[in-house]
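Engineer: Fold the following and give me the result.
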Amino acid sequence: MKHLDDEQLSLVALGEPALTPAEADHLAFCSECAGTLTALERTVHAATIDPAEVELATPGPHNWAAIHQALGLSPDQAKDPLTRPGSRSSSTTTATPPTPLRRRVRERRPGSTAGRLVAMAAAAGIMLGAAAVWAAYNFLGQGPEAFPSPTPTAPQAVIIAQAPLQPLESYTANGKALVERLPDGSRQLVVQLADGQVSGFREVWVISPDLSKLVSLGVLDGEPGVFAIPEGLDLAEYPIVDVSNEPFDGNPGHSSDSIARGELAAEN
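Structural biologist: From the prediction side, this is the model:
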């Protein structure tokens, strides 16, 4: 099913029964449409809040200067409106509460064409008003956090196994290796091993317990290194992670000169 259009979501934000059961189900499971509706509802709330319940501090001249510059207003509008003759200069201001927007919309029949046109016009007005409110809040120092947006949580990789890497022979570098399962089901090996003095380059391997079989996953360049684990590679058969010092001799085999090694253990 395609995404809901802006008219439908605007009507829902205004309290109108604008969705069919199928559209309501789509809204329940579509994060994009739900996010748009949440933003519209937040806008409606900001536009319909009773001003009598809000205490507004009078901004200083520097705020108008910032607004004037950002909007590119003409020089004759550079003077702060609050300092002009006849302006209100008290520390706080209040306003007469307007008729609630939802009530004004519902004075029309919800199912009529006129009702829908009123709702659409009201939603458009709210969006423009919200833009002005957002700009004013930013210039007055409150910032967009006054109207926080929901931030979807991205799927995270899950650690399914890890191994401490212990130095071998004359080496001193130690670290760890992690096996992570990604949200798409693929796996990767993350190797963290401090740079050491090596004569060649570092290569990462997974090896069988008896050291008779091994698979190269790639060159470790920097820290950490991330290596894709081929689909079908059973780490139960290759549980040992090995980092070797490889000479630039063109031989793709293991040099038998291991820097660090460790055995993977599954996470509980």
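Engineer: Could you verify that residue 65 is part of a strand?
Structural biologist: No - Residue 65: not assigned to a strand; according to DSSP: H, G, I helix; E, B strand; the rest coil it is helix.
Engineer: Can you give me every residue that contacts it?
Structural biologist: Listed by C-beta atoms under 8 Å, 6 or more residues apart in numbering, the contact set of residue 65 reads 78, 80. From N, CA and C alone the C-beta is placed, and that goes for glycine too.
Engineer: quick thing: my sequence starts at 96, can you match it?
Structural biologist: All right, first residue 96 from here; so that's residue 160.
Engineer: Wasn't residue 273 part of a strand?
Structural biologist: Yes - remark: residue 273 belongs to a strand, assigned using three-state DSSP.
Engineer: In contact with it: list those residues for me.
Structural biologist: Counting by C-beta under 8 Å, 6+ apart, residue 273 has contacts 254, 256, 257, 284, 285, 287.
Engineer: possible to save these as TSV with secondary structure?
Structural biologist: Formatted as TSV, the contacts of residue 273 follow (three-state DSSP):
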residue	secondary structure
254	strand
256	strand
257	strand
284	strand
285	strand
287	strand
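Engineer: mind checking which helix or strand residue 293 is in?
Structural biologist: Residue 293 belongs to no helix or strand when elements are defined using DSSP states H and E.
Engineer: and it, how many residues sit next to it?
Structural biologist: Each residue near residue 293 was counted by other C-beta atoms under 10 Å, and the total is 17.
Engineer: Now do it against residue 140, distance only.
Structural biologist: 61 Å (C-beta to C-beta, to the nearest Å).
Engineer: What distance do you get for residue 363 to residue 98?
Structural biologist: Separation of residue 363 from residue 98 (C-beta to C-beta) stands at 42 Å.
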